[in-house]
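Undergrad: Structure, please.
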Amino acid sequence: MSITLGLPKGSLQDSTFDLMRRAGFAMTCSSRSYIPTVNDESLKCRLIRPQEIARYVELGLLDAGITGYDWIYENGSDVHEVCELCYSKATSRPVRWVVAVPNDSPIREPKDLAGKRIATEAVGLATRYLRQHGVEATVEFSWGATEVKAPELVDAIIELTETGSSLRANNLRIVDTVLTSTTRLIANRASWEVPEKRAKIEQIAMLLQGALAAESRVLLKMNAPEASVPQITALLPALHAPTVNHINTEGWVAIETVISEGEVRDLIPALRAAGAQGIIELALNKVIF
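TA: Have a look, this model is predicted:
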């Protein structure tokens, strides 16, 4: 039994294809095609704008999809959230929908938006935000290039930002955060109740999460005198405990462990001083917890 998976077309496409590849699903797609080929006969993929994926998953036109929580919230989609996937276009950080205004605007807090004109691609999100703050303002849909509309066309914008660089480049400052969002793997509720489809979706989730977990971790391997094992293992963090195996050379062992990449720089000199030799650092493709 095959499943149909919606993948985000646009800014998330390249990072999603890379993540799928690291999870084991090699994909190719021409620039004009919306139907990628994948090395898994039980998986059919479709490229769709992330704004629409949750709606199509809810309707059952897609069995599952990868999209942002913001668009699930925007559409009010009734879907099953399988897992969170912490990646975005440029970083692994969550993205934010923010209220932004020109640097010299008198707007300093949400109540100052009363009576103002606001441009955004997420009209539902903006409307709910204003309602929560008891503010009445005009919200208009923006077809793009939202940052350049303030102050000549609108008083404020509600826009998605990852690093804030585009806002700063357009002389805008953030007034408030409307919603923090991460990427999610979602499933149609009826598809989730079909055992074969659920098993396949869960397999995809496990492999995607494993690929993301591997991004910040490395495998350290080394040899050491058996007498140095207590000092070396005391230095080593691990998922459970470092692996220690005897090797053919009498009185020596091989030690290996998976650690955070950020710890390696300071850890290797300490390991060398404790007696470790032949230290090797290896990149990982997947880490399954």
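
Undergrad: Now do the contacts for residue 225.
TA: 251, 252, 253, 275 (Cβ atoms under 8 Å, 6 or more residues apart in numbering). Bear in mind the C-beta positions are built from the backbone N, C-alpha and C, glycine included.

Undergrad: Tell me if I'm right that the first one and residue 229 touch.
TA: No: distance between residue 251 and residue 229: 10.9 Å, which falls outside the contact criterion (Cβ atoms under 8 Å).

Undergrad: Using CSV, write out every CA atom in the helix or strand where residue 190 lies.
TA: Assigned by DSSP states H and E, residue 190 falls within helix 189-192. Extracted as CSV, the C-alpha positions of helix 189-192 are listed here (Å, rounded to 0.1, in the frame of the first residue of the first chain):
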residue,chain,number,x,y,z
ARG,A,189,-6.9,11.2,10.5
ALA,A,190,-8.4,8.4,8.4
SER,A,191,-5.1,7.4,6.9
TRP,A,192,-3.6,7.3,10.4
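
Undergrad: Now that helix: buried residues?
TA: 191, 192 (16 or more other Cβ atoms under 10 Å).

Undergrad: Over to stretch 104-117?
TA: So, applying 16+ other Cβ under 10 Å, buried residues of stretch 104-117: 105, 107, 110, 112, 113, 116, 117.

Undergrad: same check, this time on stretch 81-96
TA: Of the residues in stretch 81-96, those with enough neighbours to count as buried (16+ other Cβ under 10 Å) are 82, 83, 85, 87, 88, 89, 94, 95, 96.

Undergrad: I'd like the average pLDDT over it.
TA: Per-residue pLDDT over stretch 81-96 has a mean of 84.

Undergrad: okay, the contacts of residue 225 in a markdown table with neighbour count next?
TA: Below are the contacts of residue 225 laid out as a markdown table (neighbours: other Cβ atoms under 10 Å):
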| residue | neighbour count |
| --- | --- |
| 251 | 9 |
| 252 | 15 |
| 253 | 19 |
| 275 | 16 |
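
Undergrad: between those residues, which is closest to residue 285?
TA: Closest approach to residue 285 among the contacts of residue 225 (Cβ to Cβ): residue 253, at 26.2 Å.

Undergrad: Would you list the phi and psi of the closest one?
TA: Per-residue torsions, residue 253: phi -130, psi 160 (degrees, to the nearest 10).

Undergrad: From residue 243, how far out is it?
TA: According to Cβ to Cβ, to the nearest Å, residue 253 stands 10 Å off from residue 243.

Undergrad: check contacts around the residue nearest to residue 232 when sequence neighbours are not counted.
TA: Excluding the flanking residues, the one nearest residue 232 by Cβ to Cβ, 6 or more residues apart in numbering is residue 274, at 4.9 Å. By Cβ under 8 Å, 6+ apart, the contact set of residue 274 is 224, 228, 231, 232, 235.

Undergrad: One more: residue 28?
TA: Residue 28 is in contact with 36, 37, counting by Cβ under 8 Å, 6+ apart.

Undergrad: try residue 156
TA: Applying Cβ under 8 Å, 6+ apart, we find residue 156 in contact with 99, 100, 101, 105, 107, 113, 116, 117, 118, 119, 150, 175.

Undergrad: Redo the buried residues of stretch 81-96 as JSON lines? Include secondary structure and distance to residue 132.
TA: Below are the buried residues of stretch 81-96 laid out as JSON lines (DSSP: H, G, I helix; E, B strand; the rest coil; distance: Cβ to Cβ, whole Å):
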{"residue": "82", "secondary structure": "strand", "distance to residue 132": "28"}
{"residue": "83", "secondary structure": "strand", "distance to residue 132": "28"}
{"residue": "85", "secondary structure": "strand", "distance to residue 132": "27"}
{"residue": "87", "secondary structure": "coil", "distance to residue 132": "29"}
{"residue": "88", "secondary structure": "coil", "distance to residue 132": "25"}
{"residue": "89", "secondary structure": "coil", "distance to residue 132": "28"}
{"residue": "94", "secondary structure": "coil", "distance to residue 132": "20"}
{"residue": "95", "secondary structure": "strand", "distance to residue 132": "20"}
{"residue": "96", "secondary structure": "strand", "distance to residue 132": "16"}
